[in-house]
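Chemist: Sequence first, predicted coordinates after that:
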Amino acid sequence: MTPAPLPDPPHRPRTARLATIAGVTLGTAAVCALVTAPTAAAAPSHRPTPAPAHSPTAAPAHDRTAAPADHQIAAAASYVAALVDHDPSSVPLHPAATRVENGVPTGFSGPQIRSDLEYGPQYRVIQRIRDERYRRTGDTVTADYLLDVGVGAQLATARVHETFELVNGLIKTIVAAIAPVPSVPAP
């Protein structure tokens with residue numbers, strides 16, 4: 001005799017899943033502020049501009065004709081910029097791209113990640129990204145940066161360590177480690 005199958009778990013709306021993910025990523029205060037705020041100000045545009053060539057932390061230019069190594073760093077930088085400006089049009093995502101954040105899968109395909117970057121409420125609380133540093137080893141780009149989140153006044157800062165695996169110039173895998181940090185003064 002075969003036992004009856006277990007019922008499917010109750011459907012959780014997409015926003016509930018995102019709030020849970022955002023709660024892990026951004027902390028309860030940021031999620032509560034987002035939910036209770038009557039309106040949220042639009043996030044400022046954040047497209048890194050190149051620093052002088054002699055700068056050891058120069059942000060990459062977004063030149064698609066650049067050398068392959070520069071193109072890989074530019075791909076990662078375009079993803080980081082889209083976290084703030086919600087414009088993923090220049091982010092070269094592989095159709096089968098995945099994203100894992102603090103051990104929790106948060107991205108399951110290129111189109112879903114692109115949609116989350118553009119419309120996801122978990123990214124609407126990001127005010128700015130600063131202190132970006134990129135390095136490349138083979139087809140892997142590592143980004144380290146500070147992420148300021150909140151609605152209205154700054155609520156929290158997180159340190160992000162994100163690794164991008166690229167395949168044929170497209171971001172295939174994103175692994176993010178995010179940790180809150182004590183208040184770090186903005187420049």
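Modeler: Arrived safely.
Chemist: Dump the C-alpha coordinates for stretch 71-78 into PDB.
Modeler: The C-alpha trace of stretch 71-78 is given here as PDB (Å, rounded to 0.1, in the frame of the first residue of the first chain):
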ATOM      1  CA  HIS A  71      35.100  43.500 -20.000                       C
ATOM      2  CA  GLN A  72      34.800  40.900 -17.200                       C
ATOM      3  CA  ILE A  73      35.300  43.600 -14.500                       C
ATOM      4  CA  ALA A  74      32.900  45.900 -16.300                       C
ATOM      5  CA  ALA A  75      30.300  43.100 -16.400                       C
ATOM      6  CA  ALA A  76      30.500  42.700 -12.600                       C
ATOM      7  CA  ALA A  77      30.500  46.500 -12.100                       C
ATOM      8  CA  SER A  78      27.300  46.800 -14.200                       C
END
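Chemist: Show the average pLDDT along that stretch.
Modeler: Across stretch 71-78, the average pLDDT comes to 96.
Chemist: The longest helix anywhere in the chain: what's the following helix or strand?
Modeler: Counting residues, the longest helix found in the chain (DSSP state H) is helix 68-85. With elements assigned by DSSP states H and E, the helix or strand that comes after helix 68-85 is strand 93-101.
Chemist: ok, that following strand: who's next to it in the sheet?
Modeler: Here strand 93-101 is paired, per DSSP bridges, with strand 104-107 (antiparallel), strand 170-181 (parallel).
Chemist: on that earlier part again, the longest helix of the chain: which residues count as buried?
Modeler: By neighbour count with 16 or more other CB atoms under 10 Å, helix 68-85 contains the buried residues 70-85. Backbone N, C-alpha and C define where each C-beta goes, glycine included.
Chemist: and if you look at stretch 133-142?
Modeler: When burial is assessed from 16+ other CB under 10 Å, stretch 133-142 yields the following buried residues: Tyr134, Arg136, Val141, Thr142.
Chemist: Stretch 88-100 now?
Modeler: Neighbour counts over stretch 88-100 (16+ other CB under 10 Å) mark Pro88, Val91, Pro92, Leu93, His94, Ala97, Thr98, Arg99 as buried.
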